[in-house]
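[1] the sequence isn't on hand, but the structure is:
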Ligand code: 13P
Ligand code: SF4
């Protein structure tokens, strides 16, 4: 939907008044009305790097979700303030692993006698607490664009990986990219005693996958892939690795949001694509590439926005920018010092991956 011209003008004016003091980051899932004000757009990895590369900006306005703003706070200097335009912009996947649950899981692994062989690898989509746990136990963070390299690195450090919190990214990367079998993976359910696993299962597993998932990507099914192939002959199916294993296995291409965009940029005119990721991004790409005669459709028949990404809208962005322009700091995301120290260790290991 077109943006309210009055709000567009107010956002523009406030941003102009702030000048170099503010740097606006926009994740690819953000609404069009918000993305037009982003100084850079990117996937989770690119945005983490871009936030760290702007030490002169006093305010980093993060148009994305809470864990991304936390990561930006960890990677920026102490003087810089990271702001999330709506504090309710969380991530249901990140909420699926709490610090207590993960500490309990580590006790289970210790009890089974395997904790010393286990290296934690945590997806960027996790709270700062989980990142700190990861750093403390010698592990690394990964995003969907470097998960393979993170797993390779982790298997050089130890024999087993505890992958948090997205079971699908963990399984897809292990099986698709690392040549492991589905039998090498077990799922740890934090709601069951001992994760629902026996000590023997834990000892035999190479990948211990946390039972978390993304509810947006979880809606794509094998049936949606089969349907679109029947509907559009010659279609290329391109999906995000947060999709279920059977969807990823049936797709032609898999990658992060940035990778999806690059793949479509490189695609020949006349090609057809069905994309399995969040709808704001897919619609924007469909509009952008229509002029180049690339047909882009959404993989599923239903509508699939990420409701928390969508919480950041133009009214919230205007309020944020106008408040900052008046010298009023709002919605700051600040990670405490001790958590930050260990979480940073894990994030820096990711940034140093080859
Ligand atoms: P990427 O942008 O890193 O591919 O991640 C997608 C996502 O779900 C972010 O929440
Ligand atoms: Fe979280 Fe899924 Fe939304 Fe990404 S798309 S922010 S993983 S709920």
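    Arrived safely, thanks for sending. Since the structure is predicted, the reported quantities are computational estimates derived from the model, not experimental observations. Ligands and ions are numbered 1, 2, ... in the order given.
[2] for ligand 2, what are the nearby residues on the stretch 201-350 of the chain?
    Contacts of the stretch 201-350 of the chain with ligand 2, taken as CB under 6 Å from any ligand atom, map to 214, 215, 216, 278, 306, 308, 309. All C-beta atoms are positioned from the backbone trio N, CA, C, and that covers glycine.
[3] what's the neighbour count on the nearest residue to residue 8 once chain neighbours are set aside?
    Nearest non-adjacent residue to residue 8, counting by CB to CB, 6 or more residues apart in numbering: residue 314, 7.3 Å away. If you count neighbours by other CB atoms under 10 Å, residue 314 ends up with 20.
[4] kindly report the same for residue 269.
    Residue 269 has 8 neighbours, counted by other CB under 10 Å.
[5] that one reaches residue 293, doesn't it?
    Yes: in this structure, residue 269 is within contact of residue 293 by CB atoms under 8 Å, at 4.4 Å.
[6] in the stretch 251-354 of the chain, what residue is nearest ligand 2?
    Nearest residue of the stretch 251-354 of the chain to ligand 2, counting by CB to the nearest ligand atom: residue 306, 3.4 Å away.
[7] that residue is in what secondary structure piece?
    Following DSSP states H and E, one finds residue 306 outside all helices and strands.
[8] please name the residues that touch it.
    29, 65, 216, 278, 280 (CB atoms under 8 Å, 6 or more residues apart in numbering).
[9] again with residue 211
    96, 167, 187, 188, 189, 190, 191.
[10] ok, back up a step: next, give phi and psi for the residue of the stretch 251-354 of the chain closest to ligand 2.
    Main-chain torsions, residue 306, degrees, to the nearest 10: phi -90, psi 110.
[11] likewise residue 233?
    Main-chain torsions, residue 233, degrees, to the nearest 10: phi -60, psi 140.
[12] okay, now it: neighbour count?
    As a burial measure, residue 233 scores 7 neighbours (other CB under 10 Å).
[13] any bit of the helix or strand bottoming out on mean pLDDT in the chain sitting next to ligand 2?
    In the chain, no helix or strand scores lower on mean pLDDT, DSSP states H and E than helix 44-52, which sits at a mean of 94. No: no part of helix 44-52 sits near ligand 2 under the criterion CB under 6 Å from any ligand atom; the closest distance found is 8.5 Å.
[14] just how off-centre is stretch 147-167 within its chain?
    Offset of stretch 147-167 from its chain centre (CA atoms, centre = their mean, to the nearest Å): 17 Å.
[15] got a list of what residue 55 touches?
    Neighbour list for residue 55: 76, 77, 80 [criterion: CB under 8 Å, 6+ apart].
[16] and it, how far from ligand 1?
    Residue 55 is 23 Å from ligand 1, where distance means CB to the nearest ligand atom, to the nearest Å.
[17] mind checking pLDDT for that residue?
    On the pLDDT scale, residue 55 is placed at 92.
[18] got it, and residue 342?
    pLDDT, read off for residue 342, is 98.
[19] three-state assignment of it?
    Three-state assignment for residue 342 (DSSP: H, G, I helix; E, B strand; the rest coil): helix.
[20] three-state assignment of the residue of the stretch 151-300 of the chain found nearest ligand 2?
    Ranking the residues of the stretch 151-300 of the chain by distance to ligand 2 (CB to the nearest ligand atom) places residue 214 first, at 3.3 Å. Per three-state DSSP, the local secondary structure of residue 214 is coil.
[21] good, we can wrap up now.
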